[in-house]
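Chemist: need coordinates for the following:
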Amino acid sequence: MNYYRRHKFEMKSGKIPQVLGLTASPGTNRADDGFSAVQHLQSLMANLDVSKLSVVRKHEQELLNIHQHLQTFKFVPLKGDKTFDRTVSSFLMVNGLDTKTLLTALENPPNNKRERRYVHWINETKRKTESVMLMDADVPRLIHICLRLLEM
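Modeler: Below is the predicted model of the structure:
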């Protein structure tokens, strides 16, 4: 994508590279309905300056014949170790900080990430880590990274 943008905006010739195909599904940008998914694909096409969209259907029937549905499922037990808790505790104990409130906040996130309660939980947990961040910038780096991943 960076190669495409660089040639599109920096080259003086006016010719832009042609995108022949995408190697992965462009996704639907978490669309709830078909209309939103189509709009996402249209904006993606506009960003890539697509003049014609085509879908290869040459081997579609062959792919449908190969696809197998699994009849048995293997359940894998959850990990019992608390690696994340131990790592955060060790970082916080180095500075003698109270780990209980921060760890309880990190251990109990709301299940549904689309609820308002989840956003409130993220903001409260960030606020709790800010006091730690002011003491030493290296210690809470891991916590900050984990919180950023939780936001996604």
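
Chemist: so what touches whichever strand or helix holds Arg5?
Modeler: In this structure, Arg5 sits in helix 2-10 according to DSSP states H and E. Identification of contacts with helix 2-10 by C-beta atoms under 8 Å, 6 or more residues apart in numbering yields Ile16, Pro17, Val19, Leu48, Asp49. Where you see a C-beta, it was placed from the backbone N, CA and C, and this is true even at glycine.

Chemist: just the buried residues of those residues.
Modeler: Leu48 (16 or more other C-beta atoms under 10 Å).

Chemist: need the contacts of helix 2-10 in JSON lines with secondary structure, can you?
Modeler: As requested, these are exported to JSON lines (DSSP: H, G, I helix; E, B strand; the rest coil):
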{"residue": "Ile16", "secondary structure": "coil"}
{"residue": "Pro17", "secondary structure": "coil"}
{"residue": "Val19", "secondary structure": "coil"}
{"residue": "Leu48", "secondary structure": "coil"}
{"residue": "Asp49", "secondary structure": "coil"}
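
Chemist: closest to Thr28 out of the contacts of helix 2-10?
Modeler: Checking those against Thr28 with C-beta to C-beta, the nearest one is Leu48 at 16.5 Å.

Chemist: so how far is Arg5 from that closest one?
Modeler: 10 Å (C-beta to C-beta, to the nearest Å).

Chemist: state the mean pLDDT of the helix holding Arg5.
Modeler: On average, the pLDDT along helix 2-10 is 75.

Chemist: next structured bit after that helix?
Modeler: helix 34-47.

Chemist: tilt between that next one and helix 2-10?
Modeler: Taking axes from the mean of the first three to the mean of the last three C-alpha atoms, to 10 degrees, helix 34-47 and helix 2-10 form an angle of 60 degrees between their directions.
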